[in-house]
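>>> got a predicted structure plus its sequence, pasted below:
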Amino acid sequence: FPPSRVRNFSIIAHVDHGKSTLADRLLELTRTIRKDHGQPQYLDKLQVERERGITVKAQTATMFFDYPDVASAASPSFPNPSGQPGPTAEPTPKPALPLSRTVVNPPPPGFASLLATTTDSVPGPGPGLGPGPGPGPVSVPVAGRGHGLSKGAGVVGRYLLNLVDTPGHVDFSYEVSRSLSACQGVLLLVDACQGIQAQTVANFYLAFEAGLTIIPIVNKIDQPNADPERVILQLERTFDLPASEVLLTSAKTGQGLHALLPAVIERIPPPGGDPLQPLRMQVLDSFYDDYKGVICHVAVVDGSLKKADRVVSCSTGQSYEVLDVGIMHPELTPTDVLLTGQVGYVITGMRSTQEASVGDTFHHAKCPVEPLPGFKPAKHMVFAGVYPANGSEFEALESAVARLTCNDPSVSVSKETSGALGVGFRCGFLGLLHLDVFHQRLDQEYGAQVITTTPTVPYVFEYADGTRLDVQNPATVPARPTSRLVKAMEPVVTATIIAPAEYVGSLMTLCTERRGEQLEYSFIDSSRALLKYRLPLREVVTDFYNQLKGLTSGYASFDYEEAGYQEADLVKMDVLLNGQPVDALSSIVHRSKAQRAGRELVGRLKKVIDRQMFEVTIQAAIAGKPIASETLSAMRKNVLAKCYGGDVTRKRKLLEKQKEGKKRMKRIGSIDVPQEAFHQLLKT
Ligand code: GTP
């Protein structure tokens with residue numbers, strides 16, 4: 001496959017607009033996976049992805065598509081509950097440009113077996129390696145720019161398409177921007193009922209600023225309340241995307257899908273690298289496999305890579321032998337070679353994913369190259385302490401954290417010690433959902449029972465003696481500093497909110513209460529408004545999204561991006577249990593809100609901390625002075641109190657539940673504090 005026969009594209013959309021479902025359909029359409037694989041959202045492989053129905057990790061799949069042999073690709077019938085004409089009933093589109101010239105292009109050795117499988121009608125996944133008929137003549141255009149194929153051309157023959165499925169949630173937009181670096185185009189998917197949402201806007205600009213070709217798609221047209229015309233107008237008005245370029249699909253019924261891959265070939269340009277130049281290969285991602293070791297997900301920008309080649313990392317100078325190389329079809333499929341413009345995997349015997357830093361460039365030994373521009377490092381928006389629920393399990397936690405961060409390098413980790421919780425880690429995350437997913441993966445994939453402390457945003461404190469404190473943990477801020485605090489800075493974000501016009505008033509009130517500053521107020525159509533606000537990040541992570549959804553009956557969508565720091569009047573608030581400060585419960589608050597936050601917090605803590613055998617005073621204090629106080633009277637909670645009669649199984653269940661709950665308790669002094677207490681700060 002010369003670069004002219006390769007297309008790298010991604011699907012981007014607001015959460016739940018159907019990316020993963022569409023990816024499944026495309027994999028089925030190209031017979032990369034079986035229709036009856038019995039596993040919806042094939043590319044969502046992690047347990048948390050399946051449980052939560054969200055994509056967390058971007059995934060790539062390579063497909064082969066015969067252009068313009070659309071009718072045969074689309075012919076397997078899709079379930080079509082609507083009874084409307086399916087893809088088979090629709091006409092086959094013509095290629096945009098005629099074939100320019102056909103030459104015989106000898107295939108690289110490793111592809112022979114792979115092509116043999118894809119040329120034969122293979123019913124399902126799996127490489128099915130072995131001798132085959134081999135590829136026939138491959139059409140290569142000779143005219144046009146770049147690699148001979150200008151944008152808009154589509155030459156009859158077989159194409160290699162790399163599809164990158166990306167996460168939709170704002171926390172994972174880092175994954176999106178990284179995935180886009182390997183693509184030349186995107187399918188911008190919009191739900192035909194919901195229309196443009198906040199992340200549609202954010203993702204559009206990510207792709208637009210990266211200079212990618214954008215194919216707008218209105219999906220879910222099978223839904224009874226679908227209004228594709230309205231969405232087409234929104235796309236025109238908001239992004240200047242002409243109505244004539246919009247494709248209409250239903251990833252559920254298969255309607256309209258026949259036109260999609262031809263549009264990818266016709267509209268998205270091939271990758272622009274040079275096959276004759278020395279190898280330049282970029283690491284897009286890496287993950288650890290218990291059997292195979294570190295697997296790097298790479299894009300070959302120039303030149304080509306073969307099995308047994310020796311490659312060198314530009315960043316470390318370390319050299320490695322290529323033990324295995326191939327494509328994701330959609331599982332790892334060895335091909336022995338990766339050519340210019342292709343996306344695939346490489347195994348080199350690296351021991352840890354730290355050796356395969358994301359964005360690094362590799363070249364052939366003895367052929368040094370200029371490294372490719374790396375990726376912007378992930379920006380950590382929230383930090384939290386991660387501690388073993390049982391103090392003696394620190395080593396086990398350390399190994400679990402190390403292994404998980406191998407597969408999720410966007411988490412930052414450093415060791416810390418808390419007076420209340422013992423030895424643990426301070427971790428930086430891209431957002432609250434990311435933290436939640438990390439916590440869940442530690443538990444599910446590595447069996448690590450942990451306590452996570454209240455997430456905090458990173459502040460900066462500057463003192464009169466010139467010292468500067470980067471505050472990732474509020475406990476590190478001295479309650480009575482030796483030098484005067486001259487400046488406190490907090491991170492801010494630019495938030496985009498899209499909502500029906502009738503909610504604008506209450507949304508403005510909410511943003512003002514959250515110390516927001518309005519930047520833009522416009523309409524994307526006659527009934528939906530777009531608001532842009534600069535907001536302190538702390539206000540956004542403290543229950544903002546739930547309030548926003550509540551105020552607008554779920555009709556508002558929200559997205560944000562970091563926008564630097566601003567000066568703010570901040571103070572440290574401590575929590576004292578029976579007079580003892582609990583470092584893990586400290587927080588930084590705006591002075592104007594400290595009183596209210598203190599009262600709310602002690603009230604909430606009183607509700608979640610079980611009564612003890614003795615009385616417990618819960619206080620919030622600033623610089624040692626209490627600002628709010630509550631008392632928890634003595635008495636141990638009896639979980640069986642409400643369990644009348646003698647149903648033994650029910651009693652046992654309750655006791656087991658209590659035992660389970662206890663695992664997540666921390667004994668602070670002599671007081672048992674449940675995990676839930678550490679999350680109450682977020683709600684105040
Ligand atoms: P994230 O990965 O969380 O960003 O979501 P996503 O955009 O990948 O959405 P997903 O494919 O998980 O689809 C969300 C829901 O919409 C699922 O319940 C799908 O079954 C449903 N869905 C997707 N496409 C269609 C469609 O064309 N029509 C209908 N009616 N439902 C669809």
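Perfect, I can see it now.
>>> can you pull the buried residues of stretch 429-445?
By neighbour count, with 16 or more other Cβ atoms under 10 Å as the criterion, the buried positions of stretch 429-445 are 429-439, 441-442. Glycine gets a C-beta too; all of them are placed from N, C-alpha and C.
>>> of those, which is the nearest to T496?
Comparing the buried residues of stretch 429-445 against T496 with Cβ to Cβ places G431 closest, at 15.1 Å.
>>> if we can go back for a sec, in a markdown table: the buried residues of stretch 429-445, plus distance to the ligand.
As requested, those are arranged in a markdown table below (distance: Cβ to the nearest ligand atom, whole Å):
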| residue | distance to the ligand |
| --- | --- |
| F429 | 18 |
| L430 | 15 |
| G431 | 14 |
| L432 | 16 |
| L433 | 10 |
| H434 | 14 |
| L435 | 17 |
| D436 | 14 |
| V437 | 12 |
| F438 | 17 |
| H439 | 18 |
| R441 | 16 |
| L442 | 21 |
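>>> so which of these belong to helices?
With helices defined by DSSP state H, the entries of those inside them are L432, L433, H434, L435, D436, V437, F438, H439, R441, L442.
>>> thinking again about what came up before, show me which of the buried residues of stretch 429-445 is closest to V492.
Distances from V492 to the buried residues of stretch 429-445, taken by Cβ to Cβ, are shortest for G431, at 14.9 Å.
>>> what distance do you get for the closest residue to D408 other than its chain neighbours to G516?
For D408, ignoring the flanking residues on the chain, the nearest one in space by Cβ to Cβ, 6 or more residues apart in numbering is F438 at 7.0 Å. Between F438 and G516 the distance, using Cβ to Cβ, to the nearest Å, works out to 28 Å.
>>> in this structure, which helix has the most residues?
Longest helix in the chain, counting by DSSP H: helix 591-608.
>>> which other helices and strands contact the next helix or strand after that one?
Beyond helix 591-608 in the direction of the C-terminus, DSSP states H and E gives the next helix or strand as strand 616-622. Here strand 616-622 is seen to pack against strand 570-577, helix 591-608, strand 625-632 when contacts are counted using 3 or more Cβ pairs under 8 Å, 6 or more residues apart in numbering; DSSP states H and E.
>>> figure out which of those is closest to the ligand.
Of all those, helix 591-608 sits nearest to the ligand, with 30.1 Å by Cβ to the nearest ligand atom.
>>> show me what the closest one is packed against.
The elements that helix 591-608 packs onto, with contact taken as 3+ Cβ pairs under 8 Å, 6+ apart, are strand 570-577, strand 587-590, strand 616-622, strand 625-632, helix 675-679.
>>> can I get those in JSON lines with mean neighbour count, distance to G326 and mean pLDDT?
Rendered in JSON lines, the data for the helices and strands packed on helix 591-608 read as follows (neighbours: other Cβ atoms under 10 Å; distance: least, Cβ to Cβ, whole Å; pLDDT from 0 to 100):
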{"stretch": "strand 570-577", "mean neighbour count": "23", "distance to G326": "52", "mean pLDDT": "90"}
{"stretch": "strand 587-590", "mean neighbour count": "22", "distance to G326": "49", "mean pLDDT": "90"}
{"stretch": "strand 616-622", "mean neighbour count": "21", "distance to G326": "58", "mean pLDDT": "90"}
{"stretch": "strand 625-632", "mean neighbour count": "16", "distance to G326": "60", "mean pLDDT": "90"}
{"stretch": "helix 675-679", "mean neighbour count": "21", "distance to G326": "43", "mean pLDDT": "66"}
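>>> can you tell which of the ones you listed is closest to V369?
Between V369 and the helices and strands packed on helix 591-608, the shortest gap by Cβ to Cβ is with strand 587-590, which sits at 45.9 Å.
>>> in its sheet, which strands sit next to the closest one, and in what direction?
Applying DSSP bridges, strand 587-590 is found paired with strand 570-577 (antiparallel).
>>> and the angle from the strand it pairs with to strand 616-622?
Angle, strand 570-577 to strand 616-622, by axes from the mean of the first three to the mean of the last three Cα atoms, to 10 degrees: 170 degrees.
>>> hmm, who's touching strand 570-577?
Contacts made with strand 570-577 from outside it, assessed by Cβ atoms under 8 Å, 6 or more residues apart in numbering, are listed as 459, 461, 474, 477, 479, 488, 490, 581-582, 585-591, 594, 597-598, 601-602, 605, 616-624, 626-627, 668-669, 671, 673.
>>> ditto for stretch 467-487
Residues from elsewhere that reach stretch 467-487, judged by Cβ under 8 Å, 6+ apart: 383, 385, 416, 418, 426, 428, 456, 458-465, 567, 572, 574, 581, 583-584, 586-588, 623-624.
>>> try 6 Å this time
383, 426, 456, 458-465, 572, 583, 586-588, 623-624 (Cβ atoms under 6 Å, 6 or more residues apart in numbering).
>>> just stretch 374-384 next, same as before
Residues external to stretch 374-384 that are found in contact with it (Cβ under 6 Å, 6+ apart): 174, 178, 359, 410, 412, 426, 428-431, 435, 452-453, 455-457, 472, 541, 562.
>>> for that stretch, which positions count as buried?
Neighbour-count burial for stretch 374-384 flags G374, F375, A378, H380, M381, V382, F383, A384 (criterion: 16+ other Cβ under 10 Å).
>>> now swap in stretch 533-548 and tell me
Of all the residues in stretch 533-548, those buried under the rule 16+ other Cβ under 10 Å are 533-542, 544-545, 548.
>>> from those residues, which is closest to the ligand?
Minimum distance to the ligand across the buried residues of stretch 533-548 is 15.1 Å, recorded for Y545 (Cβ to the nearest ligand atom).
>>> give me the beta-bridge partners of the closest residue to the closest one other than its chain neighbours?
Taking Cβ to Cβ, 6+ apart as the measure, Y545 lies nearest to F558, with 6.1 Å between them; neighbours along the chain are not counted. Beta bridges link F558 to I497, judged by DSSP bridges.
>>> can you pull the contacts of F558?
Contact partners of F558, counting by Cβ under 6 Å, 6+ apart, are A198, I497, L548.
>>> can you rerun that using 10 Å?
For F558, the residues meeting the contact criterion (Cβ atoms under 10 Å, 6 or more residues apart in numbering) are 170, 197-199, 495-499, 507, 531, 540, 544-545, 548-549, 552.
>>> ditto for E520
Contact analysis of E520 by Cβ under 10 Å, 6+ apart lists T494, T496, L530, L531, K532, Y533.
>>> swap in Y174?
Residues touching Y174, when contacts are defined by Cβ under 10 Å, 6+ apart, comprise A58, P167, V358, F375, K376, P377, A378, K379, S410, L430, G431, H434.
>>> low-confidence ranges, the stretch 1-150 of the chain, go.
Segments of the stretch 1-150 of the chain classed as low confidence (criterion: pLDDT under 70) are 36-58, 69-150.
>>> okay, and the beta partners of the nearest residue to F1 once chain neighbours are set aside?
Distance criterion Cβ to Cβ, 6+ apart; nearest residue to F1, sequence neighbours excluded, is L160 at 4.5 Å. According to DSSP bridges, V6, F64 are recorded as the beta-bridge partners of L160.
>>> quick one: the residue lying closest to P388 once chain neighbours are set aside and the ligand, what's the gap?
Leaving aside its sequence neighbours, P388 sits nearest to L397 (Cβ to Cβ, 6+ apart; 4.5 Å). Distance, L397 to the ligand, using Cβ to the nearest ligand atom, to the nearest Å: 29 Å.
>>> how close does L397 sit to L442?
Counting by Cβ to Cβ - L397 and L442 are separated by 8 Å.
>>> any shared contact partners between these two?
Taking Cβ under 10 Å, 6+ apart as the contact rule, L397 and L442 both touch V386, A448, Q449, V450.
>>> got the contact list for the last one?
Residues touching V450, when contacts are defined by Cβ under 10 Å, 6+ apart, comprise 385-390, 393, 397, 400-401, 424-425, 438-439, 442-443, 664, 675.
>>> of those residues, just the buried ones, PyMOL syntax please.
This is the PyMOL syntax for the buried subset of these, where burial follows 16+ other Cβ under 10 Å:
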select buried, resi 385+386+387+388+389+390+397+400+401+424+425+438+439+442+664+675
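>>> which helix or strand contains V504?
V504 is part of helix 504-513, with elements assigned from DSSP H and E.
>>> that'll do, ta.
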